[in-house]
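>>> here you go, sequence then predicted model.
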Amino acid sequence: MSAFDKTQSAGYLANHLARLFAQGLHRRIRPLGLAPAQFMTLLELWAEDGLTQKQLLERLDVEQATMANTLARMERDGLVVRTPHPQDARAQQVWLTDAARALQAPATDAAQAQNRQALAGLSAAEQGQFLDLMRRVLATMRAGDGGRA
């Protein structure tokens, strides 16, 4: 029986890479009062304010409980407000506050700095190829069962 070589495992490497990215991002956005899960949510709301919790779940590929906890913290911290959806009594829309809008530039600058640092060892062409390959793998995972067996 041959030993499992984690350096040849896409799952292991992706997980490790994601942890390191999250740690670096957290260090950079913590002074803004943000955590990575809040930043991901804000990215979606900065792109389209007023999304429902269900829409956020679908866009971020997270569990219901995780999103509920993240939104509760964001509401507590004055980053979002939730209002009843005008056409669906069961749904709530999530809206950015002025405080959250004010964080867009510094938070995205911090994320871009983290990306630049992480990709610094690659040429511009390699960076483009790396990002393209990651997008393709993500699309494959989403089209399949999302990795759930």
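That came through fine. Please read all numbers here as calculations on a predicted model, not as lab measurements. Numbering: from 1, shown residues only.

>>> for the residue lying closest to residue 91 once chain neighbours are set aside, give me its contacts.
If the residues on either side of it in the chain are set aside, residue 91 comes closest to residue 85, at 3.9 Å by C-beta to C-beta, 6 or more residues apart in numbering. C-betas here are computed from N, CA, C, even on glycine. The contact partners of residue 85, taken as C-beta atoms under 8 Å, 6 or more residues apart in numbering, are 52, 91-93.

>>> what about this structure, any weak spots by pLDDT?
1-2, 145-149 (pLDDT under 70).

>>> hey, where'd the strands end up in it?
Using DSSP state E, the strands of the chain run over 51-52, 80-84, 92-96.

>>> which strands and helices sit next to the second one?
For strand 80-84, the packing partners by 3 or more C-beta pairs under 8 Å, 6 or more residues apart in numbering; DSSP states H and E come out as helix 64-76, strand 92-96.

>>> contact partners of it?
Looking at what lies outside strand 80-84 - C-beta under 8 Å, 6+ apart - the contacts are 41, 45, 71, 74-75, 91-97, 100.

>>> where do the helices sit along this structure?
If DSSP state H is used as the criterion, the helices of the chain fall at 10-29, 36-47, 53-60, 64-76, 98-102, 104-119, 124-143.

>>> which other residues reach the first one?
Same thing as helix 10-29. For helix 10-29, the surrounding residues in contact (C-beta under 8 Å, 6+ apart) are 6-7, 35-36, 39, 107, 110-111, 113-114, 117-118, 137.

>>> so who does residue 35 touch?
Residues touching residue 35, when contacts are defined by C-beta under 8 Å, 6+ apart, comprise 26, 29, 73.

>>> right, and the last one touches residue 33 too?
No. With contact defined as C-beta atoms under 8 Å, residue 73 does not reach residue 33; the gap is 10.6 Å.

>>> re the thing from before, distance to residue 62 and mean neighbour count for the strands of the chain - can I get that in JSON lines?
Compiled in JSON lines, those are given as follows (distance: least, C-beta to C-beta, whole Å; neighbours: other C-beta atoms under 10 Å):
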{"stretch": "strand 51-52", "distance to residue 62": "13", "mean neighbour count": "17"}
{"stretch": "strand 80-84", "distance to residue 62": "16", "mean neighbour count": "15"}
{"stretch": "strand 92-96", "distance to residue 62": "14", "mean neighbour count": "18"}
